[in-house]
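Trainee: Structure for this input, please:
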Amino acid sequence: MWGMICAMDNLQDKPIKGILLRILSGVLFTGMLVCIKAVSDEVPVGQSIFFRSLFALFPIVIFLMIRREFPRALATRRPLGHLLRSGLGAAAMFFSFSAVAFLPVAEATLLAQLAPVFMAIGGVLLLSEKFSFYRAGAVVLALAGMAVLVIPGLNASEGDGRLLGYVLGTLGAILTAGALLTVRRISRTETAGSIAFYFIVVAALAGLATLPLGWATLSDTQFALLVLSGLFGGAGHIAMTLAFRYAEVSRLAPFEYVALVWPVVADWVLFGIPVSSGFLLALPLMLSGVALAAMEGRRLKLRARSNG
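Mentor: Here you go, the predicted structure:
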């Protein structure tokens, strides 16, 4: 979700348009996860990843063609960098899609939101960046939110796989953070379009590689849901990318709460899953941590520009 975003530097000051696009991206990504959850009992994760990635190519390529960046924008100087970023992203998608099979869509989405926090930690451990107040606050708030979310459900998790879902979702966020750190490095020479395109291609190939393990015979409804998951996912990438082109992270941060309204509604209306008290308590803690991590990222970007 974040790959194209991290490569966007040419900010245009149109905050209303950015906010509306951020809200739209939340709807689209929720639609993607709803489709994946709806087929998760019968369709293997690898098969879901293949179809999601294959059909996400269509809106991405159309978007690049409209911008007259296809195929010119796919030229690359960093093929190994793309391979690393795409491999981490594909693995993150595997864990995230596995998590949504065990968790409500809202909780899986909230765990995925932790990627910027893990990215801040990775910057300290892997890139020797300073452990600032913003990073420390982000880590403390995120860990507190995870504790509030996970601990109340531990006893009930033994039978319904909820604890496994929390583990899978957290691993997905960690791998996403690794992909983002890679994007930060390769975006100096690579376009947002090429980063998104190669990620989707590699993810589709990774999903296809699971074919020998056994795929399900799809009904018309299941096939339609998988097609929709790809179209929603690809369109969500585009909307999120444009949102961060038109508005700064700090302006969009409050609307992360709005983006989590749609998963809550989807759980309740489509799957009959009420929102848990743990989720309501964890929500402000975890998103506050994400906001601090985003502020730190913005601060580093401004410093890099001033030094450059």
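Trainee: With adjacent residues omitted, what lies nearest to Trp215?
Mentor: Nearest non-adjacent residue to Trp215, counting by Cβ to Cβ, 6 or more residues apart in numbering: Gln47, 4.6 Å away. C-betas here are computed from N, CA, C, even on glycine.
Trainee: Give me the pLDDT for that neighbour.
Mentor: The model reports Gln47 with a pLDDT of 97.
Trainee: how much space is there between it and Lys14?
Mentor: Distance of Gln47 to Lys14, computed by Cβ to Cβ, to the nearest Å: 40 Å.
Trainee: of the two, who's got more company?
Mentor: Gln47 (22 against 14; other Cβ atoms under 10 Å).
Trainee: mind showing which ranges of the stretch 1-150 of the chain have poor pLDDT?
Mentor: The model of the stretch 1-150 of the chain has pLDDT under 70 over residues 1-12.
Trainee: Give me the buried positions along stretch 111-121.
Mentor: Buried residues in stretch 111-121, counting neighbours by 16 or more other Cβ atoms under 10 Å, are found at 111-121.
Trainee: How far does it sit from its chain's centre?
Mentor: When distances are taken as Cα atoms, centre = their mean, to the nearest Å, stretch 111-121 is centred 10 Å away from the chain's centroid.
Trainee: ditto for stretch 65-77
Mentor: Computed by Cα atoms, centre = their mean, the chain-centroid distance of stretch 65-77 equals 23 Å.
Trainee: For it, list every residue counted as buried.
Mentor: Applying 16+ other Cβ under 10 Å to stretch 65-77 flags 69-70, 73-74, 76 as buried.
Trainee: returning to what we had before: host element of the residue nearest to Trp215?
Mentor: Using DSSP states H and E, Gln47 maps to helix 45-66.
Trainee: Which parts of that helix count as buried, going by neighbours?
Mentor: For helix 45-66, burial by neighbour count (16+ other Cβ under 10 Å) applies to 45-57, 59-61, 63-64.
Trainee: Show me what it is packed against.
Mentor: helix 15-39, helix 79-102, helix 192-208, helix 220-246 (3 or more Cβ pairs under 8 Å, 6 or more residues apart in numbering; DSSP states H and E).
Trainee: Could you dump those helices into JSON lines with mean neighbour count added?
Mentor: Putting the helices and strands packed on helix 45-66 into JSON lines (neighbours: other Cβ atoms under 10 Å) gives the following:
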{"stretch": "helix 15-39", "mean neighbour count": "21"}
{"stretch": "helix 79-102", "mean neighbour count": "22"}
{"stretch": "helix 192-208", "mean neighbour count": "23"}
{"stretch": "helix 220-246", "mean neighbour count": "21"}
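Trainee: Could I get these in TSV, plus columns for distance to Leu149?
Mentor: Output for those, formatted as TSV (distance: least, Cβ to Cβ, whole Å):
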stretch	distance to Leu149
helix 15-39	17
helix 79-102	13
helix 192-208	27
helix 220-246	24
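Trainee: Determine which of the ones you listed approaches Leu164 most closely.
Mentor: Set against Leu164 and scored by Cβ to Cβ, the helices and strands packed on helix 45-66 come closest in helix 79-102, at 5.7 Å.
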